[in-house]
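[1] Next input, structure requested:
(2 chains)
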Amino acid sequence: DAGVTQSPTHLIKTRGQQVTLRCSPKSGHDTVSWYQQALGQGPQFIFQYYEEEERQRGNFPDRFSGHQFPNYSSELNVNALLLGDSALYLCASSLWGSFGSGNTIYFGEGSWLTVV
Amino acid sequence: QKEVEQDPGPLSVPEGAIVSLNCTYSNSAFQYFMWYRQYSRKGPELLMYTYSSGNKEDGRFTAQVDKSSKYISLFIRDSQPSDSATYLCAMSALAGGFKTIFGAGTRLFVKA
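    Numbers count the residues shown, from 1 in each chain, chains lettered A, B, ... in the order given. Below is the predicted model:
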């Protein structure tokens, strides 16, 4: 059973550039959430996608955008990169509307983004 | 005030000790409570999951939820050096589509 997979694992970008991160959810899951985790901090919720629509959004600027595809995979795009965007970006998958009975969210290994 | 508060530590204990990790929260709508373990530079791994108040045990791990006090705990018995990691509490509410909010994480070091 494939878990949550993310790519790339590491990348370095320059301030002002744009980046796209990719995620394939765990088999059977239909909901993808993205989190930003700065060093020494807990994951911060960016947004959540279900049925190819953004369902919820955290306190992140519009420079952060996303997309979900019909196969449930997802992309996170960040425009006009700032030094402060350097972090581990985590993708989490779950099953919409059935939280409970052991169904919860599962994380990928993350994409490490360094902005220089 | 953050929705979820967690002491970042670090917490250092000798091998074999009982470890107690805690979180407090402010949103009474939270119904689902989780503990994740995160090794350095890795994604979080689900350890325990509980619904509403009560206790849940899984091997050396026990999770407790006290909704009246808005307080959750994770106990680790017979701690091992391999338990050294960051422990994240997380919680979700039905309202808002189960958006999951995390604590800052507590760094635990278990000394051999």
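
[2] all contacts plus neighbour counts: C-alpha atoms, from now on.
    OK.

[3] Now stretch B:89-103: buried residues?
    Going by neighbour count (16 or more other Cα atoms under 10 Å in any protein chain shown), the buried part of stretch B:89-103 is B:89, B:90, B:91, B:92, B:93, B:98, B:99, B:100, B:101, B:102, B:103.

[4] An error on my part: the question was meant for stretch B:21-37.
    Residues B:21-25, B:30-37 are the ones in stretch B:21-37 that count as buried (16+ other Cα under 10 Å).

[5] near chain A, from those?
    When the buried residues of stretch B:21-37 are checked against chain A using Cα under 8 Å from any Cα of the partner chain, the ones in range are residue B:32.

[6] Get me the contact residues on chain A for chain B.
    Proximity of chain A to chain B, by Cα under 8 Å from any Cα, involves residues A:40-45, A:48, A:55-56, A:90, A:96-97, A:99-100, A:102, A:104, A:106-110.

[7] and those residues, which are buried?
    The neighbour-count test (16+ other Cα under 10 Å) marks A:41-45, A:48, A:56, A:90, A:96, A:99, A:104, A:106-110 as buried among the residues of chain A next to chain B.

[8] biggest separation within those, which pair?
    Farthest pair in these (Cα to Cα) is A:41 and A:96. Separation: 26.6 Å.

[9] Report all helices and strands that the worst-scoring helix or strand of chain A on mean pLDDT contacts.
    Lowest by mean pLDDT, DSSP states H and E among the helices and strands of chain A is strand A:106-107, with a mean of 90. Counting by 3 or more Cα pairs under 8 Å, 6 or more residues apart in numbering or on different chains; DSSP states H and E, the packing neighbours recorded for strand A:106-107 are strand A:87-94, strand B:45-51.

[10] Show the average pLDDT along the helix or strand that the shortest one is followed by.
    Think strand B:45-51. Next helix or strand after strand B:45-51 toward the C-terminus (DSSP states H and E): strand B:54-58. Average pLDDT, strand B:54-58: 91.

[11] Could you pick out the residues of chain B near chain A for me?
    So far as Cα under 8 Å from any Cα goes, chain B lies against chain A at B:32, B:42-46, B:49, B:51, B:88, B:94, B:96-105.

[12] Swap in 10 Å and give it another go.
    Where chain B comes near chain A, counting by Cα under 10 Å from any Cα of the partner chain, the residues are B:6, B:8, B:31-34, B:36, B:38, B:41-46, B:48-51, B:86-90, B:92-94, B:96-107.
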